[in-house]
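One predicted model, sequence on top.
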Amino acid sequence: MALACIGAALALPAFEIGYRLQTQRPVLALEDWRAGRLEDLKFGDRVRFDPVLGWALRDEYESERYHTLDHGIRRNFCERDIRPGGVLAVGDAFTDGGTEVADGETWPAHLERIAAVPVLNGGVAGYAIDQIVLRAEQLLTEAQPRTLIVGVHEESIERAGFSVYGTPKPYYTIDAGTLVHHAPVREPASPGATPDWRTAVRDILGYSAVLDVVLGHVAPDYWQGRIEAPVFRTVDNDPTAVTCALLQRLKGRADTAGVRVLLLMQYARKVIADGSEPGAATRAAAACAAAVGMEVVDQLGSLRAAVAAKPDVLDELYLSSGFGQMTRAGNRATAELLAGALSKTVALNNK
């Protein structure tokens, strides 16, 4: 038994190096492969943990209907590189489009067709306004756009009041009029589990890529543990005030870079179907954006006009599954509204 254990201990480094070379993993990287496996199970294969944003789309991800470029930019058509000098779109699932629509069916893709300018889709599903602004600020340097479009709606503003929204995310508080940033805190997949020697051993062995694969198959209950239901944890802040402060900061940075900024106000299907007024957070965000010089493109009027002309049009414009974002037709309508706003802006600048 002792000889067998010694032999296995001596052989493991050789297997580890060979496996990493075979699978093109960094040979000397000290990485918790088990944690990565758990995050794949939790996020899905197209999303990864991000120490700044909480989660982010993987670079160069490919599936049947969903592809990304560098920096997790969703592809519109068959482009392979990030194209500077056009439009950068950021937001949540309403911008990203989700897997329910193909790459070319998102509103950024439709806008590229209509406006005949490169449009980079930097949306990420589930993002709050704080994450949306952080992503915009990251991509301003990489994408070098002339125009930035920030897509928001009521829920994306409310999410700014959470430190965990299904998974850890960044958040902001305001102290003496100054925004204070709080980074996402990475947590174990099973925070309620009581640590013991078995979990301690598992945590150590997780740094072996070979053992992660082997134990993930032969002892999945032990190795992967229990994936908890989504956790939602609120913080003591004012999401509306945080939103206004973030929009002001973003506008300042965009002005420094010479980038025009549009705020796109979008709406859940229920708001349009009920004929209810936008929530206080939505109205406040639009007012704050206008106050700092952002052009506000509000989709409420066009959606209500569409319903007035055809009462059942919402079935054509909104998906019945996913995050409740828009269909291909709804995204095209959004792009047409934005294209009109962009052309008006250009006309004003040319006078």
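It's in.

residue closest to the middle of the chain?
Nearest to the mean C-alpha position of the chain, by Cα atoms, centre = their mean, lies residue 124 at 2.3 Å.

contacting residues around that one?
47, 53, 55-57, 72, 92, 96, 131, 135 (Cβ atoms under 8 Å, 6 or more residues apart in numbering). For the C-beta atoms, the positions are set from N, CA and C on the backbone; glycine is no exception.

Quick check on these: which are buried?
With burial judged by 16 or more other Cβ atoms under 10 Å, the buried subset of the contacts of residue 124 is 47, 53, 55-57, 72, 92, 96, 131, 135.

Show me how far the helix or strand hosting residue 287 is from its chain's centre.
Following DSSP states H and E, one finds residue 287 within helix 280-291. Its chain's C-alpha centre and that of helix 280-291 lie 22 Å apart, by Cα atoms, centre = their mean, to the nearest Å.

hmm, back to that, columns secondary structure on top of the contacts of residue 124, output as JSON lines?
Output for the contacts of residue 124, formatted as JSON lines (DSSP: H, G, I helix; E, B strand; the rest coil):
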{"residue": "47", "secondary structure": "strand"}
{"residue": "53", "secondary structure": "coil"}
{"residue": "55", "secondary structure": "strand"}
{"residue": "56", "secondary structure": "strand"}
{"residue": "57", "secondary structure": "strand"}
{"residue": "72", "secondary structure": "helix"}
{"residue": "92", "secondary structure": "coil"}
{"residue": "96", "secondary structure": "helix"}
{"residue": "131", "secondary structure": "helix"}
{"residue": "135", "secondary structure": "helix"}
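
Quick check: bridge partners of the closest residue to residue 150 other than its chain neighbours?
Nearest residue to residue 150, sequence neighbours excluded (Cβ to Cβ, 6 or more residues apart in numbering): residue 263, at 5.2 Å. For residue 263, the beta-bridge assignment (DSSP bridges) gives partners residue 150, residue 296.

rewinding a little: quick check: which element contains the residue nearest to the centre of the chain?
Per DSSP H and E, there is no helix or strand for residue 124.

now do the one 10 residues further on
Assigned by DSSP H and E, residue 134 belongs to helix 129-143.

for that helix, packing partners?
Applying 3 or more Cβ pairs under 8 Å, 6 or more residues apart in numbering; DSSP states H and E, one finds that helix 129-143 makes contact with strand 87-90, strand 147-152, helix 154-158, helix 239-257.

What is the burial count for residue 130?
Neighbour count for residue 130, taken as other Cβ atoms under 10 Å: 28.

Verify the stated contact: it with residue 171.
Yes - contact criterion Cβ atoms under 8 Å: residue 130 and residue 171 qualify, at 6.0 Å.

What residues does residue 291 make contact with?
With Cβ under 8 Å, 6+ apart, residue 291 has no contacts at all.

and if you look at residue 23?
Applying Cβ under 8 Å, 6+ apart, the residues near residue 23 are residue 209.

all helices of the stretch 251-351 of the chain, in order?
269-274, 280-291, 300-309, 314-317, 328-350 (DSSP state H, counting those that start in this stretch).

Quick check: end-to-end length of stretch 163-170?
Using Cα to Cα, to the nearest Å, one end of stretch 163-170 lies 6 Å from the other.

now the closest residue to residue 211 other than its chain neighbours: how far from residue 48?
Spatially, and ignoring its direct neighbours in sequence, residue 211 is nearest to residue 205 (4.9 Å; Cβ to Cβ, 6+ apart). To residue 48, residue 205 is 22 Å away according to Cβ to Cβ, to the nearest Å.

can you check residue 287 too?
Taking Cβ to Cβ, one finds residue 287 at 36 Å from residue 48.

swap in residue 267?
Distance from residue 267 to residue 48, by Cβ to Cβ: 30 Å.

In terms of neighbours, single out the busier of the two.
The neighbour comparison of residue 267 against residue 48 (other Cβ under 10 Å) goes to residue 267, with 20 against 17.

contacting residues for the more buried one?
Per Cβ under 8 Å, 6+ apart, neighbours of residue 267: 153-154, 278, 282, 299-300, 303.

ok, now residue 343?
residue 115.

The same query, at a cut-off of 6 Å, please.
Applying Cβ atoms under 6 Å, 6 or more residues apart in numbering to residue 343 gives no contacts.

per-residue pLDDT, it?
Per-residue pLDDT puts residue 343 at 89.

And residue 159, by the same measure?
96.

excluding its backbone neighbours, what's nearest it?
Using Cβ to Cβ, 6+ apart, the closest residue to residue 159 is residue 128 (3.2 Å).

list the buried ones in the one helix or strand residue 200 maps to?
Here residue 200 is covered by helix 197-205, with elements defined by DSSP H and E. Using 16+ other Cβ under 10 Å as the test for burial, helix 197-205 gives 202, 205.

So what touches that helix?
Taking Cβ under 6 Å, 6+ apart as the rule, helix 197-205 contacts residue 211.

That one: how far from the chain's middle?
With Cα atoms, centre = their mean, you get 32 Å for helix 197-205.

Quick check: next helix or strand after it?
helix 209-218.

Can you give me the buried ones in that next one?
209-212, 215-216.
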